[in-house]
Structure formats: structure tokens, C-alpha cells
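In: Predicted structure and sequence below. I'll ask about it afterward.
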Amino acid sequence: MAILAPLLDSCNRRIDYLRVSLTERCDLRCAYCQPRPRPEAAAGEDVLAADDVVNIAAAAAQLGIRRIRLTGGEPLLRADLEHIIRRLRVFPGIEDISLTTNGQSLAYRAAGLAAAGLDRVNISLDSLDPAGYTAITGGNLAAVLRGLDAALAAGLRPVKANVVLTSAASLEQADLPAFLSLIRRRPVHVRFIEAMPTCGHLSYVPAQQVLARLSQMGELLPVAGPEGGGPARYYQLDGSIGTIGIITPISEPFCDHCNRLRVTARGDIVACLFSPTGISLLAALRGADPVGEVGALLLRAAARKPRCSSEVARPAGIAAMHVIGG
């Protein structure tokens, strides 16, 4: 597929990564993702049909987007997820298709997702203590670990586990050794992520504090990260087959290297996670030339991308992560 024009933003950064939220629905209730009580709106019907996602990807590929991540909500709640992935796989410009999931039903679908063309997966894993995990998410830790093993068995690589640090409880000493044990036994990349101020203004734990505590339990050596890019800095424990990563959007912002746009579950292009408004794609997707019209809107969104999220006037209660895409 010929690239019509490189997708450059207002700061001349090359945009080659698109995150598409497939649904606002989720079977968990993580405090850092969904507001409480649960909103009514899009928890029922999904706005973007499979054809819409494919047309968005076609337009993105023509503009040099190389990587697409499917997010939510919980994308595994889409029965047509494998169908969508197979259709995205036909675009030669799309080199990498990845998925972010809570992993609750991943064990049953990992092999089918890999067969459809999924390359890799990120799994939310906020605690390795069963009671602690349930308290944070309302979910079942054993199901997530079965999903993680199924992803590895299906050949999805790399498998990354995301741990959102929302409070000092995130630093429980009993939990951190369990994560070190995990990377000794499995080729998993565990990333500790500072909580973003979504769903209200959460306190956050600097990821460097976690790294400091982990360093007391064994020598962590800086290493190159796994394929897939992203802002994480990675470390390996002596003898481990996985890695530890930290992602620091609050304490050490990485806006200068941001290379992404997002499409929300409501069909809006968002240039920055903190943008108060997006550009709706719905009329373009229903038009006579959806690929061409969406491409024009992607160019407009890139032109609006701020140099840094600190420049964005943040309204009270910015869009929750289940809307904008985790």
C-alpha cells in the first residue's frame, strides 16, 4: 500500500501508532479506569462496527501508521474481535497489531487471536495477591494467569503485564517479590505505570519508588525493551527470563517522543490523552468515501496535537480510560 503522505503533527513528530477503543463495555470495575457509579450510555451498544474499524485502519495505513493497538473497555467482549484482526492483517503497511485486555477470558481466545493475526498482548495485572487483585478490579486473578499462560503458549510475543500504581498500597512488599518470581519463571515484561488523573484526581506513586524497592531484592540491570516500542524503561534481574519496566507519565513525562493518536469507543479521534474534545469520525465513516474522509480527519487531528499534555487545559473529570481507550 502506497503511503499518501506521512502523518506529522504540529511539532513535526512522525505519528505511526494508532490506538482504537472497540468498546466501553468491561467486565471489571477498576477504579482508575471507570467512574463509579457505572455510566449508562455506551455500556450497551458498541458505536464502531467492524467495517468502521477496518476503514479507520485503511485510512491510517495510507498515512504511514504502522502499528495498531485494539483497546477498550474490554475488547474481548467483542464477539467479532478475531474477525476484525483478520481484516486488519491484510493491510501491508500495518506491521504490528496488538491488544490490551484484562485477561479474564483470554485463556479461551488466545489461540484464536494468534491464528487471526494478533502479534502481541498487554494484560492488566495490578496485583499477584488474589485478594488484593479482587479488591482493585473485582476480577479473578487465577483467570488472568491462565490467560497469560495461554498467550505465551499461542506464541504471542511479547506478553506485557501492566501494573497501575494508584496508591501507597501498590508498594506492598508482599506483592513485589511475587512479580520478581513471575519474571524468573515466565518471559513476561512487567511494567509499573504511574496512574493518570482519570476518573477524578487520583494520588499516584512514582514508579522510581517501586524500582528502588525492587532493587533491594536483587540487582536490576538496564536492558533494551522488547519489540513494540513505547515509553517504558526496562530492567532485568540476574537470572530472569522476563523484565521489569517503569512508565512515568507524571514524574517524567515523555511527550517529546509521543507518536500516537487515539480513536475512542465513541468514534472520536483524540490527539492527546488529556484533550478535552476530539474530532468525530462518525459522519465520515457513514459517507461516500469513508477511507478518504477519515484520512483527512486524521491529518487534522495530528495538526492539533499539542507539544505536551501540560499545555492542555484539563477540565474537571477528563474522559475516563474506558472511553478513551486504556
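Out: Noted; the coordinates are in hand.
In: okay, CA-based contacts and neighbour counts for the rest of this
Out: Noted.
In: any weak-confidence spans in the protein?
Out: Counting by pLDDT under 70, the chain contains low-confidence ranges at 1-5, 34-44, 167-174, 197-203, 228-229, 309-323, 325-326.
In: Please spell out which residue in it sits farthest from the middle.
Out: Of all residues in the chain, Ala288 has its C-alpha farthest from the mean position, at 31.3 Å, by C-alpha atoms, centre = their mean.
In: A strand includes it, no?
Out: No. With DSSP: H, G, I helix; E, B strand; the rest coil as the criterion, Ala288 is located in coil rather than a strand.
In: residue ranges of the helices in the stretch 201-326 of the chain, please?
Out: 207-215, 282-285, 290-304, 321-324 (DSSP state H, counting those that start in this stretch).
In: OK, contacts around the closest residue to Asp126 other than its chain neighbours?
Out: Nearest residue to Asp126 in three dimensions, chain neighbours excluded: Val163, at 4.3 Å (C-alpha to C-alpha, 6 or more residues apart in numbering). Each residue near Val163 by C-alpha atoms under 8 Å, 6 or more residues apart in numbering is listed here: 124-127, 190-193.
In: Export those residues to TSV and append columns for secondary structure and neighbour count.
Out: Putting the contacts of Val163 into TSV (DSSP: H, G, I helix; E, B strand; the rest coil; neighbours: other C-alpha atoms under 10 Å) gives the following:
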residue	secondary structure	neighbour count
Ser124	strand	21
Leu125	coil	24
Asp126	coil	24
Ser127	coil	23
Val190	strand	26
Arg191	strand	24
Phe192	strand	26
Ile193	strand	24
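In: Switch the residues you listed over to CSV; also include distance to Arg89.
Out: Shown next, in CSV, are the contacts of Val163 (distance: C-alpha to C-alpha, whole Å):
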residue, distance to Arg89
Ser124, 24
Leu125, 27
Asp126, 31
Ser127, 33
Val190, 27
Arg191, 27
Phe192, 30
Ile193, 29
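In: Which of those residues sits closest to Asp27?
Out: Ser124 (12.8 Å; C-alpha to C-alpha).
In: Ser105: which of the helices of the stretch 201-326 of the chain is closest?
Out: helix 321-324 (17.7 Å).
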